[in-house]
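>>> Below: sequence and its predicted model.
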Amino acid sequence: MSNTNSYKISDWLPTSAKEVQALGWSSIDVILFSGDAYVDHPSFGNAVVGRVLEAEGLKVAIVAQPNWRDDLRDFKKLGKPNLFFAVTAGCMDSLVNHYTANKRLRSNDAYTPDGRAGMRPDYATTVYCNILKELFPEVPIIIGGIEASLRRVTHYDYWSDQLMPSILYSSKADLLVYGMGEKPLTEIVNQIKAGKKVNEIHSVPQTAWLQKEQPANIQGSITLSSHKECLNDKIKYAKNFRHIEEESNRWEGSMLIQQIYDNWLVINPQYPPMTEEEIDRVYDLPFTRLPHPRYKDKHIPAYEMIRHSINIHRGCFGGCAFCTISAHQGKFIASRSKKSIAKEIDAVTKMNDFKGYISDIGGPSANMYKMKGNDLALCKQCRRPSCINPAICKNLNTSHLQILEIYQIANKHPEVKKAFIGSGIRYDLVFSEGQESPDNLQYMREVIHNHVSGRLKVAPEHTSDEVLKIMRKPSFKLFKKLLKFFSEENEKAGLKQQLIPYFISSHPGSTKKEMAQLMLETKKLDFKLEQVQDFTPTPMTLATEIYYSGVHPYTLEPVYTARNKKEKLDQQKFFFWYKPENRKEIEQELRQMGLIDQPSKAKKK
């Protein structure tokens with residue numbers, strides 16, 4: 001980890017009774033339990049939540065990765081908070097963190113010191129909350145983070161292969177904050193200061209709760225099919241998802257209501273996108289940008305990846321069927337100011353272990369900085385889950401000029417030797433019809449010439465237009481355009497860089513034949529694929545709802561999906577056609593599909 005000599009232990013939020021005592025606190029206002037190690041960096045949710053609450057004048061402590069299997073001393077060590085417990089599973093859903101697409105236990109955890117596995121439970125949010133409710137039944141609990149956010153309604157859980165009710169039901173939490181939590185948490189604290197109890201706070205956007213009585217019929221609210229109805233009818237469950245996705249991606253959504261057994265789930269609509277001033281305020285909080293000193297001489301893999309990176313925006317308008325970003329952050333882009341980004345670049349260069357290289361300047365997608373609708377009035381009425389699929393919205397301003405200015409700030413800094421782009425680039429914003437403007441092409445040239453560390457990673461995901469349509473990804477023809485442009489620019493500059501494509505097998509709509517065609521297409525382009533993955537159903541994605549229900553929620557038409565282990569492995573093997581053990585079987589299957597010719601029979605003598 002980075003050198004912490006320039007900091008005192010009190011520069012971090014306290015993590016033990018001894019640290020609390022050293023600060024002279026007689027009590028703690030909020031105790032935050034997290035499934036991740038505590039890294040005081042704006043890319044780690046527990047640090048952001050802690051700093052936001054601290055900025056509201058609260059005394060905040062963090063209990064990172066508490067032991068839930070012993071005498072529960074980690075849950076007791078700081079006692080009761082004055083206001084509430086805050087609970088998060090961490091930066092990933094705990095089941096995604098633990099298991100592969102084949103449901104095999106992973107051997108490491110990137111958010112744990114030394115990558116050690118087994119430092120958080122399955123369903124971490126629920127496990128932590130149930131323990132806290134048992135020990136301190138009178139203290140309210142507020143849950144948030146990816147796991148809570150994407151499990152806020154009835155959802156399909158791939159690892160248990162069943163529909164689960166809202167995580168509020170299983171966790172017994174009093175309030176759920178979904179999405180990025182800074183604004184709702186600030187308002188919750190304001191209402192607590194005004195004298196309200198947590199279980200009385202029902203007016204804050206981007207929050208959800210359970211109540212016994214049926215909610216009054218509020219104009220514009222949407223009542224979803226109940227949890228019990230979803231259990232009995234997959235079509236009703238699929239229809240629910242369309243409402244949930246559309247409302248999650250609106251500028252101002254509608255209230256959602258769902259009956260969960262004898263309770264009623266109420267989900268308030270989200271806040272509008274953060275303004276530049278609001279998002280800057282978060283990044284200007286006094287982060288040390290370092291792991292807590294308790295992890296001395298240990299490395300935290302996720303931190304190693306991002307410690308010299310800069311996050312310049314939030315949100316993603318791609319709407320990919322397999323991705324959870326828009327469900328959590330929304331599709332509208334909230335961008336930081338150039339001044340705030342420049343300030344962070346300068347802070348990174350002053351880190352003791354900085355060697356002149358910024359590992360990434362980006363966001364959920366590398367090149368959506370400052371992109372928004374030309375007429376925001378139209379955006380405020382829009383229900384589309386994607387601004388760029390099936391075609392790029394005519395109202396969307398896709399100019400890359402402002403992000404080029406960010407790159408120039410990094411390029412001109414005297415301590416920066418090179419700033420790389422590690423986030424995924426949406427090449428359809430450059431190569432789709434009508435997008436190949438001089439500015440957008442200049443963006444790609446700048447990236448290729450100055451911001452690639454030898455390998456540029458992009459995500460075509462598949463080669464079949466039918467599968468890509470379900471994925472909400474552009475035609476593979478655009479990848480070929482990028483490949484041609486990339487090769488030409490490398491040749492001009494005398495560079496020998498590689499384009500590394502990502503692909504997914506077993507995605508809804510993909511059959512063995514589509515995978516065979518993918519193999520032939522990429523082989524023809526001389527790719528030996530290495531960045532590949534098998535589709536993993538995760539809560540609140542379009543692809544997951546298709547996987548479970550068997551139909552597309554927007555059309556209710558059946559969609560084939562590989563479900564069992566054999567079907568999945570049959571698709572996966574086409575990625576690895578070059579392995580000797582696969583060649584004979586693949587060749588035989590290609591002939592059966594009519595994708596290559598049958599061998600000619602030997603002539604009779």
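Thanks, I have the structure now. Numbers count the residues shown, from 1 in each chain.
>>> which residues of the stretch 251-400 of the chain fall in strands?
256-260, 263-267, 290-291, 309-311, 313-314, 334-335, 357-358, 360-362, 372-373, 396-397 (DSSP state E, counting those that start in this stretch).
>>> Between these, which one is closest to residue 115.
The closest of the strands of the stretch 251-400 of the chain to residue 115 is strand 290-291. By C-beta to C-beta, the value is 13.2 Å. Every residue, glycine included, has its C-beta placed from N, CA and C.
>>> Packing partners of that closest one?
strand 39-40 (3 or more C-beta pairs under 8 Å, 6 or more residues apart in numbering; DSSP states H and E).
>>> and with 7 Å instead?
Judged by 3 or more C-beta pairs under 7 Å, 6 or more residues apart in numbering; DSSP states H and E, strand 290-291 has no packing partners among the helices and strands.
>>> quick one on the thing from earlier: can you tell which of the strands of the stretch 251-400 of the chain is closest to residue 325?
Nearest of the strands of the stretch 251-400 of the chain to residue 325, taken as C-beta to C-beta: strand 313-314 at 9.1 Å.
>>> who touches the closest one?
Contacts to strand 313-314, defined as C-beta atoms under 7 Å, 6 or more residues apart in numbering, come from residues 180, 279, 329, 333-336, 363, 368-369.
>>> got a winner among those for most neighbours?
Scoring the contacts of strand 313-314 on neighbours with other C-beta atoms under 10 Å, the highest-scoring entry is residue 368 at 30 neighbours.
>>> coming back round to it: dump the contacts of strand 313-314 to JSON lines, plus pLDDT.
Putting those into JSON lines (pLDDT from 0 to 100) gives the following:
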{"residue": "180", "pLDDT": "96"}
{"residue": "279", "pLDDT": "97"}
{"residue": "329", "pLDDT": "93"}
{"residue": "333", "pLDDT": "97"}
{"residue": "334", "pLDDT": "97"}
{"residue": "335", "pLDDT": "98"}
{"residue": "336", "pLDDT": "98"}
{"residue": "363", "pLDDT": "94"}
{"residue": "368", "pLDDT": "97"}
{"residue": "369", "pLDDT": "98"}
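>>> Including distance to residue 195, could those residues go into a markdown table?
Converted to a markdown table, the contacts of strand 313-314 look like this (distance: C-beta to C-beta, whole Å):
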| residue | distance to residue 195 |
| --- | --- |
| 180 | 27 |
| 279 | 30 |
| 329 | 32 |
| 333 | 37 |
| 334 | 31 |
| 335 | 36 |
| 336 | 35 |
| 363 | 39 |
| 368 | 41 |
| 369 | 41 |
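>>> Looking at the residues you listed, which is nearest residue 514?
Closest to residue 514 out of these is residue 368 (28.6 Å), distances taken as C-beta to C-beta.
>>> before we move on, back to that, looking at the strands of the stretch 251-400 of the chain, spot the one closest to residue 227.
Judging the strands of the stretch 251-400 of the chain by C-beta to C-beta, what sits closest to residue 227 is strand 256-260, at 4.7 Å.
>>> Parallel or antiparallel, which strands does the closest one pair with?
Sheet pairing of strand 256-260 (DSSP bridges) gives strand 222-223 (parallel), strand 263-267 (antiparallel).
>>> hmm, who's touching the first one?
Identification of contacts with strand 222-223 by C-beta under 7 Å, 6+ apart yields 243, 247, 254, 256-257.
>>> For this protein, which residues score under the pLDDT cut-off?
The chain contains residues with pLDDT under 70 at 1-5, 599-605.
>>> which element follows the longest helix along it toward the C-terminus?
Taking DSSP state H as the criterion, the chain has its longest helix at helix 476-493. Once the chain leaves helix 476-493, the next helix or strand it forms, by DSSP states H and E, is strand 498-505.
>>> packing partners for the helix or strand just after that following strand?
Using DSSP H and E, the helix or strand that follows strand 498-505 in sequence is helix 512-524. Here helix 512-524 touches helix 565-572, going by 3+ C-beta pairs under 7 Å, 6+ apart.
>>> Show me what counts as buried in the helix it packs on.
For helix 565-572, the neighbour count (16 or more other C-beta atoms under 10 Å) marks 568, 570-572 as buried.
>>> give the contact list for the residue positioned nearest the centre of the chain.
Closest residue to the average C-alpha location of the chain: residue 325 at 4.3 Å, with C-alpha atoms, centre = their mean. When contacts are counted by C-beta under 7 Å, 6+ apart, residue 325 touches 316, 364.
>>> Could you give the number of residues near residue 60?
Neighbours of residue 60 using other C-beta under 10 Å come to 22.
>>> what's across from it in the sheet?
In beta-bridge terms (that is, DSSP bridges), residue 60 pairs with residue 30.
>>> Any idea how many residues pack against the closest residue to residue 166 other than its chain neighbours?
Of all residues not flanking residue 166 in the chain, residue 265 sits nearest, at 5.0 Å (C-beta to C-beta, 6 or more residues apart in numbering). For residue 265, the neighbour count with other C-beta under 10 Å is 25.
>>> Spit out the contact partners of residue 265.
Counted by C-beta under 7 Å, 6+ apart, residue 265 has contacts 153, 166, 168, 208, 210, 257-258.
>>> Which strand residues bridge it?
Counting by DSSP bridges, residue 265 is bridged to residue 210, residue 258.
>>> And it, how far from residue 212?
Applying C-beta to C-beta, to the nearest Å, the value for residue 265 to residue 212 is 12 Å.
>>> hmm, back to that, which of the contacts of strand 222-223 lies closest to residue 446?
residue 247 (37.5 Å).
>>> what about the closest one, which helix or strand?
Assigned by DSSP H and E, residue 247 falls in helix 234-248.
>>> counting contacts, what elements does that helix pack onto?
Packed next to helix 234-248, using 3+ C-beta pairs under 7 Å, 6+ apart, are helix 227-232, strand 256-260, helix 542-549.
>>> tell me the contacts of the closest residue to residue 56 other than its chain neighbours?
Excluding its sequence neighbours, the residue lying closest to residue 56 (C-beta to C-beta, 6+ apart) is residue 189, at 4.7 Å. With contact taken as C-beta under 7 Å, 6+ apart, residue 189 is in contact with 53, 56, 58.
>>> Secondary structure element for residue 189, which one?
Residue 189 belongs to helix 182-193, assigned by DSSP H and E.
>>> Output that helix as PDB, nothing but the C-alphas.
The C-alpha trace of helix 182-193 is given here as PDB (Å, rounded to 0.1, in the frame of the first residue of the first chain):
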ATOM      1  CA  GLU A 182     -24.900  11.200  -1.100                       C
ATOM      2  CA  LYS A 183     -28.100  13.300  -1.700                       C
ATOM      3  CA  PRO A 184     -30.600  11.000   0.100                       C
ATOM      4  CA  LEU A 185     -28.300  10.500   3.000                       C
ATOM      5  CA  THR A 186     -27.800  14.200   3.500                       C
ATOM      6  CA  GLU A 187     -31.500  14.800   3.500                       C
ATOM      7  CA  ILE A 188     -32.100  11.900   5.900                       C
ATOM      8  CA  VAL A 189     -29.700  13.500   8.300                       C
ATOM      9  CA  ASN A 190     -31.400  16.900   7.900                       C
ATOM     10  CA  GLN A 191     -34.700  15.300   8.800                       C
ATOM     11  CA  ILE A 192     -33.200  13.500  11.800                       C
ATOM     12  CA  LYS A 193     -31.800  16.800  13.000                       C
END
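>>> in the longest helix of the chain, what counts as buried?
Residues 476, 478-479, 481-483, 485-486, 489-490 are the ones in helix 476-493 that count as buried (16+ other C-beta under 10 Å).
>>> now stretch 65-75
Judged by neighbour count using 16+ other C-beta under 10 Å, the buried positions of stretch 65-75 are 65-66, 68, 74-75.
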